[in-house]
Each structure stands twice: as C-alpha cells, then as structure tokens.
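1. pasting the sequence and the predicted coordinates here, then a few questions.
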Amino acid sequence: MAPIFYNPLDPEVHADPYPHYRMLRKEDPVHLSPLGFWVLTGYEDVATLVRDPRLGHELQGPMEGASMLFRDPPAHTRLRSLVSKAFTPRMLERLRPRIREIVDARLARARETGYLDVIADLAFPVPATVISEMLGLPVEDHEQLRRWSGALTRTLDPVMSPDDMGGIASASVAFSTYLSDKLSERRSRPGEDLLTALLAAEQEGDRLTPVELFSTVELLFVAGHETTTNLIGNGFLALLRNPSQLRRLREDPALLRTGIEELLRYDSPVQLLIRTVKEPISVRGRRLARGDSVLLLVAAANRDPAVFRDPDVLDVGRPEGRHLSFGGGIHFCLGSALARMEGQIAIGALISLFDEFEFDPDPLRWREHINLRGLESLPVRAA
Ligand code: HEM
C-alpha cells in the first residue's frame, strides 16, 4: 500500500477532503507529515488537545503585537477581555433586527429576478456588513477589505506558495495604511463602535499597545466575515445536495437551531487549528517534542464515527455530539453566538422565501484557502 500522507494541495482532496480525512483517522490518527508537522484527526484527541496548555503559541516568549488568537495567557486573557463585552448574548440580541434587515435587503433583488449567487449576494455581504457596522468601518469599503482579508487569511494555512506570501505582505501594508486613516478619523470623532472602545483602551496605556490595537481590529474584521460567509455558503450547498434535509428545515423552522449546528459539523468553515508544542506530550504512544507544530483537524474530528453516528450523512435534526467547528478551550470562538445568529437568519430567510432551487453543481469552484474552506460562488435559480 502506498504510504499515507496529509496532502491538502491535491485538487481532489481540495474539492472534497473528507475521504482523505477518513483514511488518515483510520490508518494514522497521529500522523507525522513529511512537511514536518503533526496532523491529528480523531475527535477525542482533537477535543482533548485543544484544551491542553502544553500546546500554545508563544514558545519563545511573548509575541509582541500579535492578536489574541496567537497569544497565550496572560496576554490572551487581557486582549480577549477588551472585546468580549461586545459579544455578550444581550448585545447580540440587540443586533438581531438589524441582521434581519440586512438579509431582507440582500434578498430583494433575487425575489424579482429569481436568480442569486448565494456567495456574492448573501453569504459575503451579510456578515461583512454586520462586522463593519460593529467596528465602525464604512460599509462601502467591503470589496476592498475583502480582497485584503482574502490574502491575510492565507496566513492560517499550513502551507503556502511564495506568491501567497507576497500577497500577504502587500495586503498587510495596505490594510495597515487604511486602518491608521480610519483610526485617526475616529480619534477626532468618537462613535459608539468597537473602534472607539479599543482606542479608549489604547489611550489608557497598559491595556492595549498601538500594534495590538491594529491586530485586534484586523482579527475581528477577518474572523467576523470570512468564516461566516463559508458557513452560509458551505451550509446552503450541503442543503442543495440533500433536498430532503432542506425540506425538513423549511417545514419545521424550529429545526434551524440544530440544523445550523449540523451544517457547521458537516462542512466546517474552519478546517483546522494550528498549535506549537510548548512542553513534550504523548499522544497514542507517539511523542510530540517541544517546538513541534500540530494541526488539529476539527473538520476531520467532526466526522469521527466514534462520536457521530453515520458521520457522512447530513441530518438537520442530529441530536448527538458536539462539533468542534468553533474550536475549544481558551480560544473558543468569540463570535460563535453572532455567527450562529447570522447563519440561522440568512439560511432561514432563503429557504422560506423560495419553494424551489435549481443549481448547476458542475463545476463548483472552491477558494484556494486550505483552512478557511469556502466557495468562490454558488449561483442558483430560485422560484
Ligand atoms: C461560522 C463562523 C465562524 C467560525 C466557524 C469560527 C471559528 C473559529 C475558530 C475555530 C476559532 C478558534 C481558533 C483557534 O483556536 O486557533 C475562532 C476564534 C475566534 N473567532 Fe471565530 N468563527 C466564526 C465566526 C466569528 C465571528 C462572526 C467573529 C467575530 C465577529 C469571530 C471572532 C473570533 C475571534 C476574535 C477569535 C479568537 C478568539 C481567541 O483567540 O480567544 N468568529 N473562531
């Protein structure tokens, strides 16, 4: 038998990584890739290790200026507490009517024409508008911000080409210039938004450095839309491919809550988490040494038959198990409640507005990203 190795760049794997994950989980659940990192695919291992403080980010000491996502405590705790107030259930309930409005406005044209690109017309603009409004960034700047964000999110991939790295560097410079303009505007004209709140924290000195202010805004913007776009896009694609499940959701909207969880499990918008080993650790008899990189494949763990019965079947009423699509432990997604709300409203509106959808599944175009898995476009006719 040919040796198994994790190869996310193979076009077939990129189009549908799940058979590849199944094989890895079965044959080599603690896999050492020839590229030098560990790849873990079993639910139990991923769920346990994501909470283990022996894995982290700051091996050589503090990563000055990086966002909370790449920091360990105590910096992580400090940075996360500065923005967590904006994501409490009470704050989010206040956003609900506005999210409905944005979704309705986005579907108005489709209602007339009977045609929409689920990505360009709904899945991208809805979360992008919501996070821009929360931060206080002009909604008109979306398209530009999306291009930068598309490049910046490649940093979350386990492997990238020199071209990608060039793209990341220039997007990073352009985004910084843009953001410093916006921040100085906001300094002179404070608002009710997160940008203003973060500026106030920075002015107090010991809570947020100027570089951390940047990385926090960048993280919120990028994490706030790219992932949710993929929840709506991948989720709706899964429903188109499983019409009986789409019908169930339409006939019983109370199922939307478990339905969104199932869509998150079934085709996870974030495929993997990256960590560094800070203290040696043994997993299933294999020794992970200090300094090793580890990929925790949440998308593979979400299909583990030890936890989910018939894991490759989409079941919007699935009762059992907890998917790992929002991660776990101290970095558990800060925006999970917001993402769920956006997903429920967007997909709920789409399936209640139309009785029938027709899509041409071939060829589906997936974005190049390995970690943030999502479609370039998803054109459908709706009646
Ligand atoms: C379906 C949509 C989303 C998915 C699947 C998702 C997934 C994730 C995952 C897996 C992590 C953990 C990463 C790690 O441990 O390495 C994470 C962290 C994070 N997410 Fe989300 N996310 C989504 C939406 C959002 C939204 C809407 C926001 C904010 C507006 C957001 C903000 C964040 C932040 C700030 C972190 C870092 C938390 C920390 O380091 O403590 N996410 N997200």
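-> Cool, got the structure. Numbering: from 1, shown residues only.

2. residue of this structure nearest the ligand, please.
-> Each residue of the chain has a distance to the ligand, by CB to the nearest ligand atom, and the smallest belongs to G335, at 2.0 Å. Any C-beta I mention is one placed from the backbone N, CA and C, and that applies to glycine too.

3. would you confirm that that residue contacts G224?
-> Yes: G335 sits in contact with G224 when judged by CB atoms under 8 Å, with a separation of 6.0 Å.

4. which residues touch the residue of the chain closest to the ligand?
-> If a contact means CB atoms under 8 Å, 6 or more residues apart in numbering, then G335 has F87, A223, G224, T227, T228 as its contacts.

5. how far out from the middle of the chain is stretch 17-34?
-> In this view, stretch 17-34 has its centroid 22 Å away from the chain centroid, taken as CA atoms, centre = their mean, to the nearest Å.

6. can you give me the buried ones in that stretch?
-> Neighbour-count burial for stretch 17-34, counted by 16 or more other CB atoms under 10 Å, picks out P17, Y18, H20, Y21, R22, L24, R25, D28, P29, V30, H31, S33.

7. could those residues be laid out in CSV, adding distance to L295 and pLDDT?
-> Output for the buried residues of stretch 17-34, formatted as CSV (distance: CB to CB, whole Å; pLDDT from 0 to 100):
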residue, distance to L295, pLDDT
P17, 12, 96
Y18, 16, 97
H20, 13, 96
Y21, 11, 97
R22, 16, 97
L24, 11, 96
R25, 13, 97
D28, 13, 96
P29, 12, 97
V30, 11, 97
H31, 9, 97
S33, 8, 93
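
8. quick one: which of those sit in helices?
-> Those of the buried residues of stretch 17-34 mapping onto helices are Y18, H20, Y21, R22, L24, R25, per DSSP state H.

9. element containing G224, please.
-> Here G224, judged by DSSP states H and E, is contained in helix 210-241.

10. list the helices and strands the helix or strand following that helix packs on?
-> Per DSSP H and E, the first helix or strand lying C-terminal to helix 210-241 is helix 243-251. Based on contacts counted as 3 or more CB pairs under 8 Å, 6 or more residues apart in numbering; DSSP states H and E, the elements that helix 243-251 packs against are helix 210-241, helix 256-266, helix 336-353.

11. reformat the ones you listed as JSON lines; add mean neighbour count and distance to L324.
-> Rendered in JSON lines, the data for the helices and strands packed on helix 243-251 read as follows (neighbours: other CB atoms under 10 Å; distance: least, CB to CB, whole Å):
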{"stretch": "helix 210-241", "mean neighbour count": "22", "distance to L324": "14"}
{"stretch": "helix 256-266", "mean neighbour count": "22", "distance to L324": "9"}
{"stretch": "helix 336-353", "mean neighbour count": "21", "distance to L324": "12"}
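
12. confidence-wise, which of those helices is weakest overall?
-> Ranked by mean pLDDT, the helices and strands packed on helix 243-251 end with helix 210-241 at the bottom, a mean of 93.

13. show the pLDDT at M1.
-> Reported pLDDT at M1 in the predicted model: 56.

14. if anything else comes up later, I'll come back, but that's it for now.
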